[in-house]
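> need coordinates for the below:
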Amino acid sequence: MSDSSQTWCMVPTEPASDCATQAPTAVDESNAETMTAPTNVAIEGEKDKIYYWHTVKFSVEGTCFKVPRYQFVIGSTYFAGKLESTKLSDNDGDEASISLEGATASQFRVLLKLLFPIHTTSTMLEFTKEEWLVILELSTLWHFHEFRKLAKEHLEPQLDDPIERIVLGRAAYIPKWVLDGYETLVTRSECISEQESC
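Next comes the predicted model:
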């Protein structure tokens, strides 16, 4: 007597020819080597001479920045010499951080804003007077000659105070600003104040 609680099904001795699913069949191991699975490995082509950038890591006040080294090498004689002996690598994380002195992390970020503009639909970058002062200071410190020239052009019409011209001219080695400041002081009608003389 069969157990009525057990379910039985009939299994055909040969699979039907129109079945959508068939049981897996054994693989002939002798022919397995000839079967290869498709891969998604990309074939690396020739590196572009301009738009294939290596990166560099900078440490400023404990903050790590990782940026393309291209602008630093072509724009600054200081960094061109500093980065000349550093190792180039395509592997992320291989390069060591270069510690930078003479700037804060926020100041360095302003310079990076000029070197590597974040996506914008405008063809002109806008900087405040304070940001241009930072760019002038760092471009002078690190010998970014073109950026120093650009900062001077933007700051020139904004320096109305003769004392400010003298102070900035001395700090950034711009004799013209110093002379213009002194000339304004000696040719104006009012006397030099005690605060200005300090």
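> spatially nearest residue to T77 (excluding sequence neighbours)?
H143 (4.7 Å; Cβ to Cβ, 6 or more residues apart in numbering). Where you see a C-beta, it was placed from the backbone N, CA and C, and this is true even at glycine.
> for that neighbour, grab phi and psi.
Main-chain dihedrals, H143, degrees, to the nearest 10: phi 60, psi 40.
> give me every residue that touches it.
Contacts here follow Cβ atoms under 8 Å, 6 or more residues apart in numbering; on that basis H143 touches 76-79.
> emit the ChimeraX select command for whichever of these are buried.
Remark: buried members of the contacts of H143, expressed as a ChimeraX selection using 16 or more other Cβ atoms under 10 Å:
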select :76,79
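> farthest pair within the contacts of H143?
By the measure Cβ to Cβ, these have their two most distant members at T77 and F79, which lie 7.7 Å apart.
> if we can go back for a sec, wait, which of the contacts of H143 is closest to F65?
The closest of the contacts of H143, once distances to F65 are taken by Cβ to Cβ, is F79, at 13.1 Å.
> tell me if that closest one really is in a strand.
No - per DSSP: H, G, I helix; E, B strand; the rest coil, F79 lies outside any strand segment and is helix.
> pretty sure it sits against W142.
Yes - the pair F79 / W142 is scored as a contact, 6.4 Å apart, by Cβ atoms under 8 Å.
> check contacts around A80.
Here A80 is in contact with 72-74 (Cβ under 8 Å, 6+ apart).
> repeat for Y78
If a contact means Cβ under 8 Å, 6+ apart, then Y78 has 142-143 as its contacts.
> again, only this time at 10 Å
Y78 makes contact with 72, 141-144, according to Cβ atoms under 10 Å, 6 or more residues apart in numbering.
> just the buried ones from those residues?
In these, the ones that pass as buried (16+ other Cβ under 10 Å) are 72, 141-142, 144.
> hey, where'd the helices end up in this protein?
70-75, 77-83, 105-115, 129-141, 145-155, 162-171, 175-187, 194-197 (DSSP state H).
> and I98, which of the ones you listed is closest to it?
Short answer: helix 77-83, nearest of the helices of the chain by Cβ to Cβ, at 7.1 Å.
> and the closest one, average pLDDT?
Averaging pLDDT along helix 77-83 yields 92.
> cool, stretch 135-150 as well?
Averaging pLDDT along stretch 135-150 yields 97.
> nearest to V67 among the contacts of H143?
Nearest to V67 among the contacts of H143, with distances taken as Cβ to Cβ, is F79, at 11.3 Å.
> circling back: and the furthest pair within the buried ones among the contacts of Y78?
Greatest spatial distance among those (Cβ to Cβ): F72 and L141, at 13.2 Å.
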